[in-house]
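> Any chance you could fold what I've pasted below:
(one chain, ligands or ions: 1)
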Amino acid sequence: MPEFDVIVVGCGAAGLSAAVAAQQNGARVIVLERAPQDERGGNTRYTGSWLRMKSVDEVSDDFTDHFAVNSGGYRDPSLVHETSKDRDNWLQNLRAMSFAGPEVVATFADEAPKTLRWLQGFGARFEKLEVPFLTSVQPRMAPHGGGLALVEALATQFEKTAASFTTTPQHLA
Ligand SMILES: Cc1cc2nc3c(=O)[nH]c(=O)nc-3n(C[C@H](O)[C@H](O)[C@H](O)COP(=O)(O)OP(=O)(O)OC[C@H]3O[C@@H](n4cnc5c(N)ncnc54)[C@H](O)[C@@H]3O)c2cc1C
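Residues are numbered from 1 along each chain as shown. Model (predicted):
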């Protein structure tokens, strides 16, 4: 019976990124996916994978505002000011709310360019989306070939180190 350090469930962008990153850190990784191998990629496979980026190295001007506003459900206005405190000092009911705190959004923005560079290392190519009409939408980029290209780039990288994909048995899916 083979042994693994990390078991990843799901072969979309999130699962594959986690699997490849764990491999890069020396872990023995298996990815469990309920879809057949030739349909792998989850929702990621079917998206254009538009990204709020001006270039590979720079997020769009609306990046943090957009994610701050859209990263969760309703926020009690009387608690919003509490989020300016260090997270360790947040009230318990604030911690229980489903939204990304400002430091999470800021880390996301800081890490985005590095992540695109990381994906380029596996063959992903990013291009600007040219919009041929006037729009208030900020610049966007996308991987050439959309989400499917990201899935294939990451899955191919993963398979170089370990052929450890398996389809989840029906009773576990
Ligand atoms: C039509 C559409 C367009 C979109 N466009 C964009 C866009 O332009 N830009 C953008 O940033 N985002 C876009 N999104 C959102 C984006 O697709 C998702 O945020 C992203 O794909 C999520 O990746 P993921 O890896 O978390 O999930 P997924 O890609 O959905 O992968 C999850 C995987 O887990 C597997 N799985 C689930 N449960 C089990 C189980 N019990 N056992 C085994 N396997 C399991 C699924 O089969 C699937 O393969 C779009 C989404 C849709 C639907």
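> okay, CA-based contacts and neighbour counts for the rest of this
OK.
> For this structure, which helix extends over the most residues?
In terms of residue count, the longest helix belonging to the chain (DSSP state H) is helix 102-120.
> and the helix or strand just after that helix, how far from the chain's centre?
Proceeding N to C from helix 102-120, the next assigned helix or strand is strand 126-128, under DSSP states H and E. Computed by Cα atoms, centre = their mean, to the nearest Å, the separation of strand 126-128 from the middle of its chain amounts to 17 Å.
> which stretches of the protein aren't confidently modelled?
1, 162-173 (pLDDT under 70).
> please redo it, this time with the cut-off set to 80
Low-confidence segments of the chain, defined by pLDDT under 80: 1-2, 72-77, 80, 83, 98-99, 101, 131-138, 162-173.
> who in it is up against the ligand?
Within the chain, the positions adjacent to the ligand are 9-15, 32-35, 40-44, 47-51, 168, 173 by Cα under 6 Å from any ligand atom.
> any idea which helix or strand carries Cys20?
You called it Cys, but residue 20 is Val. helix 13-24.
> domains in this structure, as residue ranges please.
Annotated domains of the chain cover 1-48+145-173, 50-144 [automatic domain parsing].
> which of these sits most buried?
Of all the domains of the chain, domain 1-48+145-173 carries the top mean neighbour count, a mean of 17, counting by mean count of other Cα atoms under 10 Å.
> can you map out the helices along this structure?
Under DSSP H, the chain gives helices at 13-24, 63-70, 77-80, 92-95, 102-120, 146-161.
> Same list (those helices) but as TSV, adding distance to Pro139.
Formatted as TSV, the helices of the chain follow (distance: least, Cα to Cα, whole Å):
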stretch	distance to Pro139
helix 13-24	22
helix 63-70	11
helix 77-80	29
helix 92-95	33
helix 102-120	15
helix 146-161	16
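> nearest to Pro2, of those helices?
helix 146-161 (14.8 Å; Cα to Cα).
> what inclination does the closest one have with respect to helix 13-24?
Helix 146-161 runs at 30 degrees relative to helix 13-24, counting by axes from the mean of the first three to the mean of the last three Cα atoms, to 10 degrees.
> May I have helix 146-161 exported as CSV, CA atoms only?
Taking Å, rounded to 0.1, in the frame of the first residue of the first chain, the C-alpha atoms of helix 146-161 are listed here in CSV:
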residue,chain,number,x,y,z
GLY,A,146,-8.6,29.7,-20.2
GLY,A,147,-9.0,27.6,-17.0
LEU,A,148,-8.5,24.4,-18.9
ALA,A,149,-4.9,25.5,-19.8
LEU,A,150,-4.2,26.1,-16.1
VAL,A,151,-5.6,22.7,-15.2
GLU,A,152,-3.5,21.0,-17.9
ALA,A,153,-0.3,23.0,-16.9
LEU,A,154,-0.6,22.1,-13.2
ALA,A,155,-1.8,18.5,-13.8
THR,A,156,1.1,17.9,-16.2
GLN,A,157,3.5,19.3,-13.7
PHE,A,158,2.0,17.1,-11.0
GLU,A,159,2.3,14.0,-13.1
LYS,A,160,6.0,14.6,-13.8
THR,A,161,6.8,13.8,-10.1
